[in-house]
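A.B. asks: only geometry, no sequence info:
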């Protein structure tokens with residue numbers, strides 16, 4: 001973080017391509033899609049910010065979210081939480097508010113789709129800044145897997 005509160009990257013991290021994007025679908029519905037790779041997630045118990053390129057607006061209504069498996073997830077007893085963190089990168093808004101405890105057995109086949117049902121789904125976000133999407137691995141680390149998180153929202 002620089003003195004202005006901006007997150008600055010250096011070296012190869014600065015030139016890394018984004019793995020997320022925002023799309024419009026039947027205005028006013030928007031959705032963000034972000035790729036989640038097992039080998040880019042922090043060790044279990046530590047929250048990972050999924051992308052620096054897209055943000056959920058601070059007063060958005062979270063319509064729905066889903067997680068779609070492209071490559072089979074594996075990892076003993078690993079579970080996955082999906083949520084939001086403030087742009088200061090340290091203040092957790094709700095790191096399991098999109099979905100909590102997605103078990104490895106629920107995402108162990110290509111095409112598995114999780115309909116997220118966390119506390120923030122179907123609510124208006126009450127925050128003063130936009131937020132980053134996060135993933136937190138619990139219990140044990142994943143050893144394989146890739147999927148896409150889609151979060152649908154409306155501006156309020």
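C.D. replies: Looks like it arrived, so ask away. Computed from a predicted model, the values in this text were never measured in an experiment.
A.B. asks: Return the distance of the residue lying closest to residue 127 once chain neighbours are set aside relative to residue 117.
C.D. replies: The shortest distance from residue 127 to any non-neighbouring residue, by Cβ to Cβ, 6 or more residues apart in numbering, is to residue 58 (4.3 Å). Quick note: C-beta positions are derived from backbone N, CA and C, even for glycine. Separation of residue 58 from residue 117 (Cβ to Cβ, to the nearest Å): 22 Å.
A.B. asks: The two - which one has more neighbours?
C.D. replies: More crowded of residue 58 and residue 117, by other Cβ atoms under 10 Å: residue 58, with 17 against 12.
A.B. asks: what packs against the helix or strand hosting residue 95?
C.D. replies: Per DSSP states H and E, residue 95 falls inside strand 92-103. In terms of contacts (3 or more Cβ pairs under 8 Å, 6 or more residues apart in numbering; DSSP states H and E), strand 92-103 is packed against strand 61-74, strand 79-86, strand 131-138.
A.B. asks: Would you mark the buried spots in stretch 41-60?
C.D. replies: Using 16 or more other Cβ atoms under 10 Å as the test for burial, stretch 41-60 gives 41, 44, 47-51, 54-58, 60.
A.B. asks: Quick one: mean pLDDT for it?
C.D. replies: For stretch 41-60, mean pLDDT rounds to 92.
A.B. asks: May I have the distance across that stretch, first residue to last?
C.D. replies: 26 Å (Cα to Cα, to the nearest Å).
A.B. asks: neighbours around residue 35, how many?
C.D. replies: 16.
A.B. asks: you'd agree it is up against residue 145?
C.D. replies: No. Contact criterion Cβ atoms under 8 Å: residue 35 and residue 145 do not qualify, at 11.3 Å.
A.B. asks: I'd like to know which helix or strand in this structure has the lowest mean pLDDT.
C.D. replies: Across the helices and strands of the chain, mean pLDDT, DSSP states H and E gives its lowest value to helix 11-14, namely a mean of 57.
A.B. asks: Would you check how far apart the closest residue to residue 102 other than its chain neighbours and residue 155 are?
C.D. replies: Counting by Cβ to Cβ, 6+ apart, residue 80 is the residue found nearest to residue 102 once chain neighbours are left out, at 4.3 Å. Counting by Cβ to Cβ, the gap from residue 80 to residue 155 is 28 Å.
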